[in-house]
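What would the 3D arrangement of this be:
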Amino acid sequence: MTTERMRSSLLATALAVLASAGAAWAQEGAGAASQQAAGDDPRIQNLRQLTFGGTNAEAYFSADGQRLIFQATRPGESACDQIYTMNLDGSDLRLVSTGKGRTTCGYFFPAGDRILFSSTHHIAEACPTPPDRSRGYVWGLFDYDVFIANSDGSGLRNLTNSPGYDAEATISPDGRSIVFTSTRDGDIDIYVMDADGGNVRRLTNEPGYDGGAFFSPDGTKIVYRAHHPTDPEELADFRALLADKLIRPNRVEIWIMDADGSNKRQLTNNGAANFAPFFHPDGKRIIFSSNMHDPRGRSFNLYMIDIDGGNLQRITNHPGFDSFPMFSPDGKKLVFASDRNASDPRGEINVFIADWVETATASR
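Have a look, this model is predicted:
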């Protein structure tokens, strides 16, 4: 997912992204955990808040389920997103990116000894210029490249060195393949490469946006989000924006394909903003975020769907923003980003973790 996620604009335009926040960081002790009742969210219990202030999102578990990696803009520390790691109780917070440029989409290698993220720091130390919002709500496709480093941020080196946007990278369960999104061929498509950056292959070819890809637990499938405009006027608008390194992400659906790019199937078809998909550890279900319950409203909640597109269930009922969900490897915990308990009305988003209740009955 791109890091240009301004929540206030997002909600006004029915697409969830992170905000640039000005609130002071209020860390309340190592691993501070603000308890909040799950209320009418029966599938999540024992909800704990792990970050306090700023914008914090895309928190992903290490393969052993012991640590989280996430991106955050921490007021007083960074002008735009940097990559951090922490324990599951919020303690041992560490900056693992350079602190320069803008970063996005941190992810652990399966062995836990290395990390992956995208950054613009090699282009310029300052944050990239925000996109021109006079053209409506748009994302900026910044000049990211994909980098790997040791788990503490040392030994940083780039895996891609391509003009344009290389980001949204994640790793296969066996650690051999990296899937990512790129504009290198004039569109916005999903690619896969070996873990050393070699043998790059293109997996999607339809005009439009394809991105946010994750492997299934067995590595045989990839889930992603996509929008392929077919209306000539909409397609022309997409291409004009892309020429200016912009994208208008107002409609996105959930798709699945085999790991080699074959057998593509669309799972949602509701015209809403469906994004941030991730597999349940059983490989049979996908959790994601959507505003399908009110496409013109300001609420984004978590949903779950089977990999055949059936059995759609609503998981959360928060009136605000819930997104970027990921299950722990054992399926017992769920981490996600939310504006619950926000002290800054301008767009504070924090990382939450909860126990996953498998047997609860969720509303349709």
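
Can you list the residue ranges for strands in the stretch 51-200 of the chain?
For the stretch 51-200 of the chain, the strands defined by DSSP state E, counting those that start in this stretch cover 55-61, 67-73, 82-87, 94-95, 103-108, 114-119, 139-140, 145-150, 157-158, 166-171, 177-182, 189-194.

Looks to me like residue 240 is in a strand.
No. Going by DSSP: H, G, I helix; E, B strand; the rest coil, the assignment for residue 240 is helix, not a strand.

which residues does it contact?
Applying C-beta atoms under 8 Å, 6 or more residues apart in numbering to residue 240 gives no contacts. To be clear about C-beta, it is placed using only N, CA and C from the backbone, and glycine gets the same treatment.

now the one 3 residues further on
For residue 243, no residue counts as a contact, taking C-beta under 8 Å, 6+ apart as the criterion.

One more: residue 204?
By C-beta under 8 Å, 6+ apart, the neighbours of residue 204 are 189-190, 210, 224, 226, 257, 261, 264.

give me the number of residues near residue 234?
15 (other C-beta atoms under 10 Å).

again with residue 145
For residue 145, using other C-beta under 10 Å, the count is 22.

Identify the bridge partners of it.
Listed beta-bridge partners, residue 145: residue 119 (assigned using DSSP bridges).

any idea of the pLDDT on it?
We note a pLDDT of 97 for residue 145 in this prediction.

quick one: it and residue 122, what's the gap?
Going from residue 145 to residue 122 by C-beta to C-beta, to the nearest Å gives 7 Å.

Mutual contacts of these two, please.
With C-beta under 8 Å, 6+ apart as the test, residue 145 and residue 122 both reach residue 158.

Grab the CA positions of stretch 104-121 and hand them over as CSV.
What follows is stretch 104-121, C-alpha atoms only, in CSV (Å, rounded to 0.1, in the frame of the first residue of the first chain):
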residue,chain,number,x,y,z
THR,A,104,6.5,2.1,3.2
CYS,A,105,5.4,-1.5,3.6
GLY,A,106,7.9,-3.1,6.0
TYR,A,107,7.9,-6.9,6.2
PHE,A,108,10.0,-9.6,8.0
PHE,A,109,11.8,-12.4,6.2
PRO,A,110,10.6,-15.8,7.4
ALA,A,111,13.8,-16.4,9.3
GLY,A,112,13.4,-13.2,11.2
ASP,A,113,16.9,-12.1,10.6
ARG,A,114,16.2,-9.6,7.8
ILE,A,115,13.5,-7.1,6.9
LEU,A,116,12.1,-5.6,3.7
PHE,A,117,10.7,-2.2,3.0
SER,A,118,10.6,0.5,0.3
SER,A,119,12.1,3.9,0.6
THR,A,120,12.9,7.2,-1.2
HIS,A,121,15.9,8.1,0.9
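
Going forward, count from 31.
Sure, I'll start numbering at 31, so the last one becomes stretch 134-151.

That stretch - what's its average pLDDT?
Rounded mean pLDDT across stretch 134-151 is 97.

which residues of the stretch 281-394 of the chain fall in strands?
So, for the stretch 281-394 of the chain - with DSSP E, counting those that start in this stretch - the strands run 283-288, 295-296, 304-309, 315-320, 331-336, 343-344, 352-357, 363-368, 380-386.

Below-threshold pLDDT in the stretch 281-394 of the chain: ranges please.
In the predicted model of the stretch 281-394 of the chain, residues 375, 390-394 satisfy pLDDT under 70.

if you set the cut-off to 50 instead, what comes out?
Within the stretch 281-394 of the chain, the stretches with pLDDT under 50 are 391-394.

hmm, back to that, out of the strands of the stretch 281-394 of the chain, which gets nearest to residue 114?
strand 380-386 (9.7 Å; C-beta to C-beta).

mind checking how far stretch 163-178 is from the chain centre?
14 Å (C-alpha atoms, centre = their mean, to the nearest Å).

buried residues in that stretch?
167-178 (16 or more other C-beta atoms under 10 Å).

Likewise for stretch 198-209?
Buried residues in stretch 198-209 (16+ other C-beta under 10 Å): 198-202, 207-209.

what's the answer for stretch 241-253, then?
Buried-residue list, stretch 241-253, by 16+ other C-beta under 10 Å: 241-247, 249, 251-253.

Out of the residues you listed, flag the one nearest to residue 333.
Using C-beta to C-beta, the buried residues of stretch 241-253 come closest to residue 333 at residue 253, 13.1 Å.
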